[in-house]
Structures are given as structure tokens and as C-alpha cells.
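Sharing a model that was predicted from the sequence below.
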Amino acid sequence: MGRTRWWIGIFRMKTKIHINQHIIKSNAKTGEREPVITCKTYKENRYGHEVHIKGDSKVVYSPDKPLSCGAKVWIETEGEVIVL
């Protein structure tokens, strides 16, 4: 399979969710279907094709202070996050 790990599960803690544009481009080029959604917590990164957020969340645009991966737009939540 591909290089990306993906996981189905539920977790609750501060989570930042963003879309990996490099994987989208790679999928388009190679025909693969690697997960493009990344859910980051202080402990780990989870990858999926679909995310359900239960609880409050906010969308953040921070071009001057992006995430360490380079994302400038992401969703933040402390609610329950289900990654599929």
C-alpha cells in the first residue's frame, strides 16, 4: 500500500485537522487513494478519508504562523473526533 498510515477511531483532546494538498496532488498523479485528512494532537497524527467532529470547533486561518507541517488553514476542536 502507500506510505501513509490511516486509522479508524475516536479520540478527545485538542485536535487540529487539516487537508494535505501534497497527498491530493500525488493521488491525482498516481491514481492512489491515500488519506488526505490529517488530525493532529499533542501525541500523534491520524490520517483518514472522513472526519466527524462532535462538539464545538473553529476554523483558523494563520498565514503568518502556520502549523509545523505548513498548513495555513485548519480546524481546531476539543470535542470528540471520529476519523474514518
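Structure received.

Follow the chain on from the helix or strand hosting C39 and name the next helix or strand.
Assigned by DSSP states H and E, C39 falls within strand 37-40. Moving toward the C-terminus from strand 37-40, the next helix or strand (DSSP H and E) is strand 45-48.

Who are the packing partners of that following strand?
strand 37-40, strand 80-83 (3 or more Cβ pairs under 8 Å, 6 or more residues apart in numbering; DSSP states H and E). In this view, the C-beta of every residue, glycine as well, is placed from N, C-alpha and C.

re earlier: now could you export just the CA positions of the strand holding C39 as CSV?
C-alpha atoms of strand 37-40 as CSV (Å, rounded to 0.1, in the frame of the first residue of the first chain):
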residue,chain,number,x,y,z
ILE,A,37,-7.1,14.5,6.1
THR,A,38,-4.6,14.8,9.0
CYS,A,39,-5.8,15.0,12.6
LYS,A,40,-3.0,16.2,14.9
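
Neighbouring strands - and their directions - for the one helix or strand H18 maps to?
In the assignment (DSSP H and E), H18 maps to strand 15-19. If you go by DSSP bridges, strand 15-19 pairs up with strand 37-40 (antiparallel), strand 73-77 (antiparallel).
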